[in-house]
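# The sequence isn't on hand, but the structure is:
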Ligand code: SAM
């Protein structure tokens, strides 16, 4: 049997299907998620149920978002899961997570994510950060390094700044390729994202921060002054005490927020 076939399903590369098969890793992830009935529990990409089954086992209801229609059909017919699952067939990138909100409950979101869409999916989920208590995701290890990077390192970039603006980022576990079927070509890691109840560096308009970061990191080898010349003047940098001859990856998250807030003030 091909190593792409697992539980009678042929893994689809275009949907980033690498099914978790290591029971030790599955238990560690479920322990980290800490499923409960006090939160709206949401899984992205349940697949064949490696995480779905043990999580659903401990709670009354689990909402899942799955793109692959064949897998949705399997979940709908699953002898134990079918009564506990609320299934949404569709693209998590387009999904309006706010419609799952319930009065007085925040969400706990988790998933072994399809690696081909994990970065845009992170940006999409940050839009709902205020309604989310915790997120636990299996990602390409390189993406976890980017999420948790410090200024001045190669991994530090636009994703780092936006993730650390919204959330506390905690790497949880590294997972080698042999823990999946089929085995991915890259190392993986689990990350915990804890959206801030009160942001340490509040921004007046997060869209301005988003645009600023995209522009600042558009050319990593150039200086901040060069990348941001259409947005901020030498006087602006001086008023914030930011050295504009630095490269974008040398600038901290609070410094990016300070620049975004100045841009908001300049617009008034
Ligand atoms: N959770 C399962 C596991 O751990 O074995 C499957 C993980 S597999 C890496 C990713 C899952 O996400 C697959 O079930 C795939 O069909 C689903 N998927 C892919 N793209 C998706 C999307 N845009 N929206 C929702 N689910 C998606």
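Arrived safely, thanks for sending. Please read all numbers here as calculations on a predicted model, not as lab measurements.
# Check whether the residue nearest to residue 230 when sequence neighbours are not counted sits in a helix, strand or coil.
Residue nearest to residue 230 in three dimensions, not counting chain neighbours: residue 215, with 7.6 Å by C-beta to C-beta, 6 or more residues apart in numbering. The way it works is simple: take the backbone N, C-alpha and C, and place the C-beta from them, glycine included. Classification of residue 215 by DSSP: H, G, I helix; E, B strand; the rest coil places it in helix.
# so residue 250 makes contact with residue 153?
No. Checked against C-beta atoms under 8 Å, the pair residue 250 and residue 153 is beyond contact range at 9.7 Å.
# what about the two, which has more around it?
For residue 250 versus residue 153, the count of surrounding residues by other C-beta atoms under 10 Å is larger for residue 250: 16 against 13.
# dump the residue contacts of that one.
By C-beta atoms under 8 Å, 6 or more residues apart in numbering, the residues touching residue 250 are 151, 152.
# Pull the number of nearby residues for residue 16.
As a burial measure, residue 16 scores 18 neighbours (other C-beta under 10 Å).
# show me what contacts the residue nearest to it when sequence neighbours are not counted?
Spatial nearest neighbour of residue 16, excluding adjacent residues (C-beta to C-beta, 6+ apart): residue 114 at 2.7 Å. Taking C-beta under 8 Å, 6+ apart, we find residue 114 in contact with 15, 16, 17, 45.
# Filtering these by proximity to the ligand, which remain?
When those are checked against the ligand using C-beta under 6 Å from any ligand atom, the ones in range are 15, 16, 17, 45.
# Would you mind measuring from the closest residue to the ligand within the stretch 151-268 of the chain to residue 50?
In the stretch 151-268 of the chain, the residue that lies nearest the ligand is residue 180 (7.3 Å; C-beta to the nearest ligand atom). Residue 180 sits 9 Å away from residue 50, taking C-beta to C-beta, to the nearest Å as the criterion.
# Now do the buried residues in stretch 44-57.
Under the neighbour-count criterion of 16 or more other C-beta atoms under 10 Å, stretch 44-57 has 44-56 buried.
# Quick check: end-to-end length of it?
Taking C-alpha to C-alpha, to the nearest Å, the first and last residues of stretch 44-57 lie 17 Å apart.
# residues in contact with the residue of the stretch 151-268 of the chain closest to the ligand?
When the contact criterion is C-beta under 8 Å, 6+ apart, the partners of residue 180 are 18, 19, 20, 21, 22, 188.
# Just say helix, strand or coil for the most centrally placed residue in the chain.
Nearest to the geometric centre of the chain sits residue 122, at 3.3 Å (C-alpha atoms, centre = their mean). Three-state assignment for residue 122 (three-state DSSP): helix.
# wait, isn't it in contact with residue 158?
No. Counting by C-beta under 8 Å, residue 122 sits too far from residue 158 to count as a contact (10.8 Å).
# State the number of residues packed around residue 255.
Using other C-beta under 10 Å, residue 255 has 19 neighbouring residues.
# Double-check that it belongs to a helix.
Yes. Residue 255 forms part of a helix when assessed by three-state DSSP.
# Tell me, what's the model's pLDDT at it?
With respect to pLDDT, residue 255 scores 98.
# residue ranges for the helices of the stretch 51-200 of the chain, please.
In the stretch 51-200 of the chain, the helices defined using DSSP state H, counting those that start in this stretch lie at 52-57, 69-77, 118-126, 141-147, 158-166.
# is the shortest one anywhere near the ligand?
No. Residues of helix 52-57 are not located near the ligand by C-beta under 6 Å from any ligand atom, the shortest gap being 6.8 Å.
# what's near enough to touch residue 93?
Here residue 93 is in contact with 117, 120, 121, 124 (C-beta under 8 Å, 6+ apart).
# and these, which are buried?
117, 121, 124.
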